[in-house]
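Participant: model the following, please.
(2 chains)
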Amino acid sequence: MREFLKRVDDVRWELSMSAMSGMKVPGMIYGDNYILENLEKENALQQIANVACLPGISGYSFAMPDVHWGYGFPIGGVAAFDLEEGIISPGGVGYDISCGVRLMTSSMGEDEVRAQLEPLTAALFANVPCGVGSRGKIRLSERDMDKVLQCGASWAVGKGRGTENDLQHIEENGVLRGANPDAVSPKARERGRDQLGTLGSGNHFLEVQVVEKIFDGDAARSFGLYEGQVAIMIHCGSRGLGHQVCDDHIRLMNSAMKKYGISVPDRQLCCVPIRSEEGKNYLEAMWSAANFALANREVIGSMVRDVFTRVFPSHELHLLYDVSHNMAHIEEFPYGEGRKSFCVHRKGATRALPPGHSNLSGPFQKTGQPVIIPGSMGTASYILLGTSIAEEQCFSSTCHGAGRLMSRHAARKNIRGEEIKREMKSRGICVMADSYRTLCEEIPQAYKDVDSVVDVVSRAGISSKVARMKPIAVIKG
Amino acid sequence: MGLEITASTMEELVFESAAALYRVMFEGASPGPFLQEHDISICGNDLVEIMVSWMNELLFLYDARIGIFIIQQVHLEPLEKVLHVKGTLYEAPYIITYVKAATYGGVLLLTSPPFFRVYLDI
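Facilitator: Model (predicted):
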């Protein structure tokens, strides 16, 4: 399919509509030669073209530089749909609904924390449940589950597991207003009942990091970031509850598509009109699952605070920002002479709102939205900012991480968990994991180089760099 | 990760697909104590959907109840597109490979002779 790619500039490539019959818009890929080489090894170009065939898609079928093969839609894909003619698709959000990242900053320096790094990491590992099938300390009654699904992070704050101030530092102020708990099935509730306050497994993590480099002094000052500062990054999502919501609605939509005369090139792209009853139900259930994820990260944040203040009694952690990278939102954008609303699917892509956007809370009105980009295990992570170029070009979207290069199966063939732990230790990184197998699956070689990914979005102008973080401790499920 | 399963009947294919999934997840470890009797009914638009949903139902039982489902009886009604499975839920052994989902990507189902290829998201 490479022959259908036309270079737009150094970091943008257009996939022509002649690449595949039925494409309604072209594809737009953000990437340099390194990204394109890796893109070709997978089927992701085909998936970008498949998404471009969906009814009501607007502009382009976008691929961020961390794009790779996913379930129906590629991971790293962005697609915006007209609200009247367009569709909503669970495959465009992903199984881990509202999987996302939060960064909490401390007022401590690296040396101070390094002196207590092993006990701190051990205490975090002991107090934040992680790993496959991990169960949390919170048992939700049906009534509490309804409240979590309705209120998101503010439920956690109400229970004393977070602060009022946190809410201003979470996308949508910590709650998706369109959620409807009645749209979440009993199976999804059962799957999530014991999982609130758990990290999960796979690429989810909790890291102690140090601000290694500041690129934008003004933004960093405004966020309270400085070189040498210690911070905590948490990456997790809606656990089994979100997974079941996705599974439930894929089954429903596979049945419903016929009635709406929709046919898709890949069964995993099953979808229904946004305005249909099934579409409304999915949006309500998906936003409820997103609230579960926001509450989950707030609860984990509170556990981390408890541990941190126990190890370092006179210090506190402040939430810088919390943002999802698997989500669909109804958002308004400049369109012709006026503005128009679209349903924007971001799967493995992060919303990146520009300064002055009405969805941003007070602290971020001047700077624009912080975008948190987690790297692979043992590598750098970044804090970026949303820009007006992203709003003009790609529905206020940017990348979400390094992006996989190698399957989990392939990754674990070549290395042993103990070796990784030793290698990390030699680099000054303390690692604790529920399973050595996860460590093998998450080796940095299994991912693209996060510096290259961030370099592309920065050169394209769809995000700007604020700070680069390096890990000093990693906790994996 | 892909699975290819062959059998002499469709009912046996249902049984063998569960066995194959559990081999990936638990690598042959024995189940723990009895949890509960459990019946599963799945309907779909076609047999492919039923088979993929069947695998995902087993993943649900692991994730929600840490259970492994031991089949006692399989009844497939191909015309009505309904699958009924009677069985027992036991406590799952230590998991080796966590499977997130059975997917439709590259899925292939043949009924004569019965053959099922499915890719797992791990």
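Participant: how about stretch A:95-111: buried residues?
Facilitator: Judged by neighbour count using 16 or more other C-beta atoms under 10 Å in any protein chain shown, the buried positions of stretch A:95-111 are A:95-106, A:108, A:110. C-beta coordinates here come from the backbone N, C-alpha and C atoms, glycine included.
Participant: from these, which land in strands?
Facilitator: A:100-106, A:108 (DSSP state E).
Participant: closest to chain B out of the residues you listed?
Facilitator: Using C-beta to the nearest C-beta, residue A:100 comes nearest to chain B of these, at 17.3 Å.
Participant: show me what that closest one is bridged to.
Facilitator: When bridges are called by DSSP bridges, residue A:100 pairs up with residue A:236, residue A:324.
Participant: for the nearest residue to residue A:31 once chain neighbours are set aside, what are phi and psi?
Facilitator: Nearest non-adjacent residue to residue A:31, counting by C-beta to C-beta, 6 or more residues apart in numbering or on different chains: residue A:65, 4.8 Å away. Torsion angles at residue A:65 (phi, psi; degrees, to the nearest 10) stand at phi -70, psi -10.
Participant: which strands and helices lie in contact with the longest helix seen in chain B?
Facilitator: With secondary structure taken from DSSP state H, chain B has its longest helix at helix B:47-65. Packing partners of helix B:47-65 (3 or more C-beta pairs under 8 Å, 6 or more residues apart in numbering or on different chains; DSSP states H and E): helix A:186-192, helix A:239-256, helix B:10-26, strand B:34-43, strand B:67-77, strand B:82-91, strand B:101-111, strand B:114-121.
Participant: any buried residues in it, and which?
Facilitator: Buried residues in helix B:47-65, counted by 16+ other C-beta under 10 Å: B:47-65.
Participant: and the residue nearest to residue A:31, what does it touch?
Facilitator: Shown in contact with residue A:65 (C-beta atoms under 8 Å, 6 or more residues apart in numbering or on different chains): A:11, A:30-32, A:35, A:76, A:399, A:403, A:448, A:452-453, A:456-457.
Participant: likewise residue A:53?
Facilitator: Shown in contact with residue A:53 (C-beta under 8 Å, 6+ apart): A:20, A:22-24, A:264-265.
Participant: filter the residues you listed down to the buried ones.
Facilitator: A:20, A:23, A:264-265.
Participant: up against chain A, what does chain B have?
Facilitator: When proximity is defined by C-beta under 8 Å from any C-beta of the partner chain, chain B lies next to chain A at B:1, B:44-45, B:49, B:53, B:56, B:60, B:62-66, B:95-98, B:100-101, B:103-105, B:107, B:121-122.
Participant: helices or strands next to the longest strand along chain A in the packing?
Facilitator: Secondary structure of chain A per DSSP E: the longest strand is strand A:463-476. Judged by 3+ C-beta pairs under 8 Å, 6+ apart, the packing partners of strand A:463-476 are helix A:110-114, helix A:117-127, strand A:205-214, helix A:217-223, strand A:229-236, strand A:381-386, strand A:430-433, helix A:450-460.
Participant: in the third one, what's buried?
Facilitator: The reference is to strand A:205-214. A:205-212, A:214.
Participant: min pLDDT across the residues you listed, which one?
Facilitator: Among the buried residues of strand A:205-214, residue A:205 carries the lowest pLDDT, at 93.
Participant: thought residue A:235 was touching it, still the case?
Facilitator: Yes: at 5.1 Å, residue A:205 counts as touching residue A:235 under the criterion of C-beta atoms under 8 Å.
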